[in-house]
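Novice: Fold the following for me, if possible:
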Amino acid sequence: MEQRELVIVGAGPAGMTAAIYGRRAGLDVLLLERGLAGGQVNLTEEIENWPGMPRISGADLGNTFRGHALSLDAEIRAAEVEKIERRGEAKVVVTDKEEIGAEAVILATGAAFHPLGCAGEEEHVGRGVSYCAVCDGPLYADEEIAVVGGGNSAVEEAVSLTNFASKVYLIHRRDEFRAGRAAVDRALSNSKIVPVRNSVVEKIDGEETVEKIFIKNVKTGEGSSLPVTGVFIFVGQTPNDSVFRGLVKATEEGWVLTDENMETSVEGIFAAGDVRHKRLRQIVTAASDGAAAALGAAAYVNEQLHLRSVLLEPESVTAFFYSGADAAQARLSDEAEKIAKEKNKYFPIIDGYKNARMTGKLGVALPSVAELHRGAVVKAAPIASAADIVRALD
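Specialist: Numbers count the residues shown, from 1 in each chain. Down below sits the predicted model:
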C-alpha cells in the first residue's frame, strides 16, 4: 500500500491552500480530487472579494491555486475517494483505484447547495443564478432580483441584498416563512422587499444571463413572471461527508467539528473549508482553514515521526519524560541531559506536555524514567531528583 505523509481530500480553495502550506512545511503532499481542481470556485463567473484582486473569474482563481501548489511539487491526483478508514493507529484513504496510507489526512470535501431543480437553473449558474449573497450581491446594484427560500438564510440574505438591489422578491412556497420572527419582521418592514408567498419557481429564463423567472402559485395554480436579473437560491446546504460519515464527530446535520488547529475528534485527521461547522463559508475563510489545517498536520506528522523513531522503533530504549510547563521538571530535564552526557548513554528526553498524545498512549506519568521494549513500556519509575535519574540509568 502506498504511504504518504499528508493526504488531502478535495482540491477546492481549502484543499489547495492546505497543499501549499503543507509543502512549505516540508511534508510529502498528495491531493485527491474527483473533478476540476479549484472545486466550486470554478462555477463562479466573477469574484470580487478575494483580497488583492478586485475582480477575477472563478476559473482563473482556481488555476492560480493549482499552479501555486504544483510549483511547490504537491502531487494532484484525479481519484474518486470512496472511504476514509482508521485501522488501528493507521489512517487509510480508499479510492476507486487503490488504498493509500497517510500519517495525516485533511478533509476538504466542501459542501453542496440544494438546487431548486427547475428549468434553466443549471444553465444560468454563475450567470444570474447564485447561492451566495456575500459573493455576488454587489454585482446587482440597482437591479431587481429574486431570493428563493423561507428559512433564516433566505430571509436574512434578502435583507442584506437590499443594500445593493433596487427590489428583492422574496419567494416562498408556503404561507408563513420558517425563519425566526425577528428576521421575518425585519425583512417585511423593508420597503425594497416584496414577499411572494405560496409560490414556486418553475423556470429561470434568459439568453446569456437571467432576464426573468416564471413562478406558479401552489394554491391557485396561477402562473406569472417576474423581470429579474438575478436569482439567489437558499433552500439548504449539505456537507459532502459521505466518505467519512461516522468517523469523526460532527453536528446532527453532518458539519465536522474541529479545534482551532482544525483537528477533528480523530487524532491526525483534520478538516478545512465549507465542510466544517462554522458561521461563514467563503473562499477566503476556506483558504484560512486550509493553512491552519496544514500547519496543524505538519506539527502532528513531525511529532509522530520523531517520537516513532526515538521511542517505538528501537528494540529497547530508556527515556526521561517531563513537563516543560513545570519549572521544576524543566530543571530536571537539564540535569538529565548532563547525566546522560557524563555516562555517555543514549537517553531521549521527551517533553510530555508538548507530546501529550504519545505520553498518554504509553501511559507514562510525569516526571518519570521509562524503559521501553519494542514500543511498549516494561518499567517506569517516578523521578523527584537528579539522584533518581542516576539510579534509573545505573
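
Novice: name the helices or strands packed onto the helix or strand bottoming out on mean pLDDT in the chain?
Specialist: Ranked by mean pLDDT, DSSP states H and E, the weakest helix or strand in the chain is helix 133-136, scoring a mean of 84. Packing contacts for helix 133-136, counted by 3 or more CB pairs under 8 Å, 6 or more residues apart in numbering; DSSP states H and E, involve helix 152-161, strand 230-233. In short, each C-beta sits where N, CA and C put it, glycine included.

Novice: So which of these has the densest surroundings on average?
Specialist: Most buried of the helices and strands packed on helix 133-136, by mean neighbour count (mean count of other CB atoms under 10 Å): strand 230-233, with a mean of 26.

Novice: Pull up the pairing partners for it, direction included.
Specialist: The sheet places strand 230-233 alongside strand 129-130 (parallel), strand 144-148 (parallel), with pairing taken from DSSP bridges.

Novice: Beyond the helix or strand harbouring residue 377, next helix or strand please.
Specialist: Per DSSP states H and E, residue 377 falls inside strand 376-382. The helix or strand immediately downstream of strand 376-382 is helix 386-393, counting by DSSP H and E.

Novice: okay, the angle between that following helix and strand 376-382?
Specialist: Angle of helix 386-393 versus strand 376-382, following axes from the mean of the first three to the mean of the last three CA atoms, to 10 degrees, is 150 degrees.

Novice: could you say what helices and strands helix 386-393 packs with?
Specialist: strand 316-322, helix 327-343, strand 368-373, strand 376-382.

Novice: for the ones you listed, which one ends up most surrounded?
Specialist: The most buried one of the helices and strands packed on helix 386-393 (mean count of other CB under 10 Å) is strand 316-322, showing a mean of 21.

Novice: I'd like to know the average pLDDT value across that one.
Specialist: When pLDDT is averaged along strand 316-322, the result is 95.

Novice: That strand: how far from the chain's middle?
Specialist: Strand 316-322 has its C-alpha centroid displaced from the chain centroid by 37 Å (CA atoms, centre = their mean, to the nearest Å).

Novice: residues in contact with it?
Specialist: Residues outside strand 316-322 that contact it (CB atoms under 8 Å, 6 or more residues apart in numbering) are 310-311, 329-330, 332-333, 336, 345-353, 359, 364-374, 383, 389, 392-393.

Novice: do the same with stretch 81-94
Specialist: Contacts of stretch 81-94 (CB under 8 Å, 6+ apart): 1, 7, 9, 32, 34, 95-96, 99-105, 107, 243-244, 247, 266, 268-269.

Novice: Looking at those residues, which are in strands?
Specialist: 7, 9, 32, 95, 99-105, 107, 269 (DSSP state E).

Novice: possible to save these as TSV with distance to residue 155, pLDDT and neighbour count?
Specialist: Shown next, in TSV, are the ones in strands among the contacts of stretch 81-94 (distance: CB to CB, whole Å; pLDDT from 0 to 100; neighbours: other CB atoms under 10 Å):
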residue	distance to residue 155	pLDDT	neighbour count
7	40	98	29
9	34	98	26
32	38	96	22
95	41	97	19
99	46	97	14
100	44	98	22
101	47	97	14
102	42	97	25
103	45	96	21
104	40	97	26
105	37	98	29
107	31	98	32
269	36	97	25
